[in-house]
Structures are given as C-alpha cells and as structure tokens.
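Enquirer: Pasting a predicted model and its sequence here:
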Amino acid sequence: MLVLGFPAGPLQANCYLLAAGEGADCVIIDPGQEAAAALDEQVRDNGLNPVAVLLTHGHFDHVFSAGDVCRTYDVPAWIHPDDRYMLTDPAASMGPQGAELFAALPPLTAPAEIRDLADGEALELAGLSLSVTHSPGHTGGSVLFGVGTDEGGRLLLAGDTLFAGAIGRTDLPGGDHPTMLRTLRTRVLPLEDDTVVLPGHGPTTTIGRERASNPFLQDLVPASDEAGR
C-alpha cells in the first residue's frame, strides 16, 4: 500500500493519499487550504489516478480545496450528512467569528457531486476497503476511516477526533465534549494497540501509545472492558 501525507494551509491540516501502489487508483482524504498544488504533484510523481475525495469532517481547514480537487479529477466527495452543510456554509461551523474569518478568504467552492457517508459502511474504492465509523464530538458528522495494510496492520484516519497527545476541540458549533468522550470510549479505545493513527493535525501515532500517554484518555474505560464487568 502507498500512503502519502502532507500538512497544508495556515492551520497545517494533514491531507492524505491512499493507493494500492504507485501507478494505481487512489483516494484523497481531507484536501484543505492550499492543498491542491501539492496534491497534483504527488499524483503526477506517483502516477496516481484519484477516484474519490473522502472528508473526515466539514471544517474548512480540511475541506477548503475539496471542490476544486473534485473538479480537477472529476470525482465525487464523500462526507457525513451531519457535516454536509459546511461545504456550502463554512462560516456556520466557526461560531461568531465565522463571518469575519471567511470575508477575508477566497470563496469556498463545493464539490459538484457529494455523497453521504454512513456509519458502519465499507467503501470499496481504489482497490481498498475503507471502513466508516461515525465519531461525533469534534463535529456532529466527524468520521473515522479504517483500512488494512498489505502487511496485516491497520490504519486509522482519525481527522480531528484524536491527535498525538491530544483530542479535537469541542467548543465550536456542532462540537460536544461529553459526546467526544463517548466516541473515544466506544469507537477509539477498543481498537488494537498497533493500529496506526493518521491524525488531522500533527504527527502519526498509535492507539497503544495514546492509550498509555494521552491525558484525555487516561480516565476513560473502553466500552469492551466495561461490557465485561
């Protein structure tokens, strides 16, 4: 499997490309601000053919280039329906400062074709099978994408649900801290320790490392453990 990633834009949101290998179809995850040029370079350098854009959630730093990228490669964008409104009204997700912020930015172009993600579904794209897990808390429509590797490992594209040493903020519209803690307890902590986490910001980590050292996870009991008590 080919896994490429780079931070883009002022907020350094991670954008990823996943493919079975060089010269193959690929999916693009979270093309945010200023991501288009670097994406085009990665696609050309590796002979890739994008077939879909997948969005972990609707915040502008993760979706800002989605419309342009989808048009460039003539592909659909996939997002959870609870965050779909952000593709056409990004300011609504940013609270009172949203209108002022977006007045200073170029207008966001929504993808021409938008498809809904559903909790528990498996997307068969680019020769990969990607699981979709609804993970509300950071936003109402946040999702996790899981995919197996050729070596038998597992990748988790976590968006802004989980970072190395931190979790996503919950103080913006659509965010909710108790819901985030429930997501972490029931959707994240039950995963295997060797699951590699590709977060929406910052460096790669693993579930085991975060279980042992992330202060936001220390007092949470995994749902699987709770069920066994």
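Expert: Sure, I can see it. Quick caveat: nothing in here was measured; it's all calculated off a predicted structure.
Enquirer: Okay, buried residues for stretch 168-178 please.
Expert: For stretch 168-178, the neighbour count (16 or more other C-beta atoms under 10 Å) marks G168, T170, G174, G175, D176 as buried. In this view, the C-beta of every residue, glycine as well, is placed from N, C-alpha and C.
Enquirer: go on, stretch 71-85?
Expert: Y73, V75, A77, W78, I79, H80, D82, D83, R84, Y85.
Enquirer: sec struct for the last one, please.
Expert: Just to be clear, that refers to Y85. Counting by DSSP: H, G, I helix; E, B strand; the rest coil, the backbone at Y85 sits in helix.
Enquirer: My guess is it contacts H59. True?
Expert: No. At 12.0 Å, Y85 and H59 do not qualify as touching, with contact defined as C-beta atoms under 8 Å.
Enquirer: Could you check how many residues crowd around G141?
Expert: G141 has 23 neighbours, counted by other C-beta atoms under 10 Å.
Enquirer: Over to G58?
Expert: By other C-beta under 10 Å, 26 other residues sit near G58.
Enquirer: Please confirm that it is located within a strand.
Expert: No. Counting by three-state DSSP, G58 falls outside a strand, being coil.
Enquirer: Quick check, it in contact with L87.
Expert: Yes. If you go by C-beta under 8 Å, G58 and L87 touch, sitting 6.3 Å apart.
Enquirer: which neighbours do these two share?
Expert: I79 (C-beta atoms under 8 Å, 6 or more residues apart in numbering).
Enquirer: pLDDT score assigned to P90?
Expert: On the pLDDT scale, P90 is placed at 82.
Enquirer: picking that back up, so which of the buried residues of stretch 168-178 are in helices?
Expert: Secondary structure from DSSP state H places none of the buried residues of stretch 168-178 in helices.
Enquirer: And those residues, which is closest to V27?
Expert: Checking those against V27 with C-beta to C-beta, the nearest one is G168 at 21.8 Å.
Enquirer: Which residues are in contact with the closest one?
Expert: So G168 contacts G137, H138, S142, G159, D160, T161, L162, G175, M180, G200 (C-beta under 8 Å, 6+ apart).
Enquirer: do you know how far it is from P81?
Expert: Computed as C-beta to C-beta, to the nearest Å, the G168 to P81 distance reads 19 Å.
Enquirer: and what of L184?
Expert: Computed as C-beta to C-beta, the L184 to P81 distance reads 22 Å.
Enquirer: List the buried residues for stretch 110-119?
Expert: A110, P111, I114, R115, L117.
Enquirer: if we can go back for a sec, check pLDDT for the buried residues of stretch 71-85 and point me to the minimum.
Expert: For those, the minimum pLDDT belongs to Y85; the value there is 93.
Enquirer: Give me the nearest residue to that one, chain neighbours excluded.
Expert: Nearest residue to Y85 in three dimensions, chain neighbours excluded: A92, at 6.5 Å (C-beta to C-beta, 6 or more residues apart in numbering).
Enquirer: Q12 now?
Expert: The nearest residue in space to Q12 (C-beta to C-beta, 6+ apart) is H201, at 6.2 Å.
Enquirer: V132 contacts G141, doesn't it?
Expert: No. Using C-beta under 8 Å, V132 is not in contact with G141, being 11.2 Å away.
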